[in-house]
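Chemist: dropping a prediction and its sequence here:
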Amino acid sequence: MTQNFDFFNYAGLHRSVVLYTTPRTYIDDITVITDVSGTTGSVNYAIDVVTEGTATVSVALRDKEGVIVAQGSGISGTLQVPNAKLWWPYTMVNDSSNAGYLHTLEVCVDYYVCAL
(Lines give C-alpha, C1' and ligand atoms only; values in the text may rest on other atoms or scores of the structure.)
Protein backbone atom coordinates (compact mmCIF):
# COMPACT_ATOMS: atom_id res chain seq x y z
CA MET A 1 0.00 0.00 0.00
CA THR A 2 1.50 3.34 -1.11
CA GLN A 3 0.66 6.54 0.81
CA ASN A 4 0.91 9.93 -0.85
CA PHE A 5 1.27 12.37 2.06
CA ASP A 6 3.58 15.27 2.91
CA PHE A 7 4.65 13.49 6.11
CA PHE A 8 5.73 10.10 7.32
CA ASN A 9 3.80 8.45 10.10
CA TYR A 10 5.48 9.04 13.47
CA ALA A 11 8.41 10.87 11.89
CA GLY A 12 7.49 14.52 12.60
CA LEU A 13 6.57 17.37 10.30
CA HIS A 14 8.25 17.75 6.94
CA ARG A 15 7.03 21.24 6.05
CA SER A 16 7.31 24.78 7.37
CA VAL A 17 5.45 25.50 10.59
CA VAL A 18 4.95 28.95 12.09
CA LEU A 19 4.42 29.31 15.83
CA TYR A 20 3.31 32.52 17.48
CA THR A 21 2.23 33.66 20.90
CA THR A 22 0.02 36.42 22.17
CA PRO A 23 0.24 38.33 25.43
CA ARG A 24 -2.31 37.62 28.18
CA THR A 25 -4.27 40.67 27.05
CA TYR A 26 -4.48 41.62 23.41
CA ILE A 27 -6.74 43.21 20.81
CA ASP A 28 -8.31 40.45 18.76
CA ASP A 29 -10.35 42.54 16.31
CA ILE A 30 -11.40 46.12 15.59
CA THR A 31 -14.52 47.07 13.64
CA VAL A 32 -14.84 50.66 12.40
CA ILE A 33 -17.86 52.11 10.59
CA THR A 34 -17.83 55.76 9.56
CA ASP A 35 -20.65 58.10 8.62
CA VAL A 36 -21.15 61.79 7.97
CA SER A 37 -24.05 64.12 8.70
CA GLY A 38 -23.55 67.62 7.33
CA THR A 39 -20.07 68.64 8.44
CA THR A 40 -19.93 66.28 11.42
CA GLY A 41 -18.26 62.93 10.99
CA SER A 42 -18.96 59.95 13.22
CA VAL A 43 -16.73 56.96 13.84
CA ASN A 44 -18.48 53.93 15.33
CA TYR A 45 -16.03 51.42 16.75
CA ALA A 46 -16.17 48.00 18.40
CA ILE A 47 -13.06 46.40 19.86
CA ASP A 48 -12.71 42.73 20.80
CA VAL A 49 -10.24 42.37 23.67
CA VAL A 50 -9.06 39.03 25.00
CA THR A 51 -8.00 39.21 28.65
CA GLU A 52 -7.67 37.12 31.78
CA GLY A 53 -8.12 40.07 34.12
CA THR A 54 -9.61 43.54 33.74
CA ALA A 55 -8.72 45.72 30.78
CA THR A 56 -9.57 49.34 30.03
CA VAL A 57 -9.68 50.57 26.46
CA SER A 58 -9.01 54.13 25.31
CA VAL A 59 -9.52 55.36 21.75
CA ALA A 60 -8.18 58.50 20.06
CA LEU A 61 -8.75 59.74 16.53
CA ARG A 62 -5.85 61.79 15.14
CA ASP A 63 -5.90 64.02 12.09
CA LYS A 64 -3.25 64.17 9.35
CA GLU A 65 -0.96 66.30 11.55
CA GLY A 66 -1.30 63.94 14.55
CA VAL A 67 -3.59 66.20 16.59
CA ILE A 68 -6.33 64.41 18.55
CA VAL A 69 -9.72 65.46 17.11
CA ALA A 70 -11.90 63.02 19.12
CA GLN A 71 -11.38 60.52 21.93
CA GLY A 72 -13.35 58.02 23.94
CA SER A 73 -13.10 54.93 26.10
CA GLY A 74 -14.68 51.50 26.33
CA ILE A 75 -14.86 48.54 23.97
CA SER A 76 -17.49 50.20 21.80
CA GLY A 77 -18.73 53.70 21.15
CA THR A 78 -19.01 56.58 18.73
CA LEU A 79 -16.56 59.42 18.20
CA GLN A 80 -17.98 62.69 16.87
CA VAL A 81 -15.72 64.81 14.66
CA PRO A 82 -17.01 68.37 14.13
CA ASN A 83 -15.96 70.02 10.85
CA ALA A 84 -14.58 66.74 9.55
CA LYS A 85 -12.13 66.91 6.65
CA LEU A 86 -13.51 64.32 4.29
CA TRP A 87 -11.47 62.03 2.09
CA TRP A 88 -11.77 62.42 -1.69
CA PRO A 89 -9.86 60.64 -4.44
CA TYR A 90 -7.30 63.01 -5.95
CA THR A 91 -8.97 62.90 -9.38
CA MET A 92 -12.25 64.29 -7.99
CA VAL A 93 -10.95 67.55 -6.47
CA ASN A 94 -9.42 70.61 -8.06
CA ASP A 95 -6.93 71.15 -5.24
CA SER A 96 -4.97 67.87 -5.11
CA SER A 97 -2.96 69.05 -2.06
CA ASN A 98 -5.93 68.14 0.19
CA ALA A 99 -6.75 64.86 -1.53
CA GLY A 100 -6.41 61.65 0.40
CA TYR A 101 -6.82 63.25 3.83
CA LEU A 102 -6.79 60.32 6.25
CA HIS A 103 -7.26 60.07 10.00
CA THR A 104 -5.58 57.57 12.33
CA LEU A 105 -7.50 55.61 14.96
CA GLU A 106 -5.30 54.84 17.97
CA VAL A 107 -6.46 52.12 20.39
CA CYS A 108 -4.74 51.47 23.74
CA VAL A 109 -5.43 48.66 26.19
CA ASP A 110 -4.33 48.80 29.83
CA TYR A 111 -4.35 45.46 31.65
CA TYR A 112 -4.92 44.98 35.36
CA VAL A 113 -4.53 41.72 37.22
CA CYS A 114 -7.00 41.25 40.04
CA ALA A 115 -5.45 39.51 43.03
CA LEU A 116 -7.73 37.45 45.27
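Modeler: Structure's in. What do you need?
Chemist: C-alpha from now on. contacts and neighbour counts both.
Modeler: Will do.
Chemist: any low-confidence regions in this protein?
Modeler: Low-confidence segments of the chain, defined by pLDDT under 70: 1-14, 89-100, 112-116.
Chemist: can you rerun that using 80?
Modeler: 1-15, 85-101, 111-116 (pLDDT under 80).
Chemist: so where do the strands sit in it?
Modeler: Assigned by DSSP state E, the chain shows strands spanning 26-37, 40-50, 54-62, 68-73, 76-81, 104-112.
Chemist: in the fourth one, what's buried?
Modeler: Think strand 68-73. 69-73 (16 or more other C-alpha atoms under 10 Å).
Chemist: leaving out the residues flanking it, which one is nearest to the most centrally placed residue in the chain?
Modeler: Geometric centre of the chain, nearest residue: I30, 4.3 Å, by C-alpha atoms, centre = their mean. Counting by C-alpha to C-alpha, 6 or more residues apart in numbering, I47 is the residue found nearest to I30 once chain neighbours are left out, at 4.6 Å.
Chemist: and the one you found, what does it touch?
Modeler: Contacts for I47 (C-alpha atoms under 8 Å, 6 or more residues apart in numbering) come out as 27-31, 75-76.
Chemist: pull the most distant pair out of the residues you listed.
Modeler: For these, the maximum inter-member distance is 13.7 Å, found between D28 and S76 (C-alpha to C-alpha).
Chemist: more neighbours: these two, which one.
Modeler: S76 (18 against 11; other C-alpha atoms under 10 Å).
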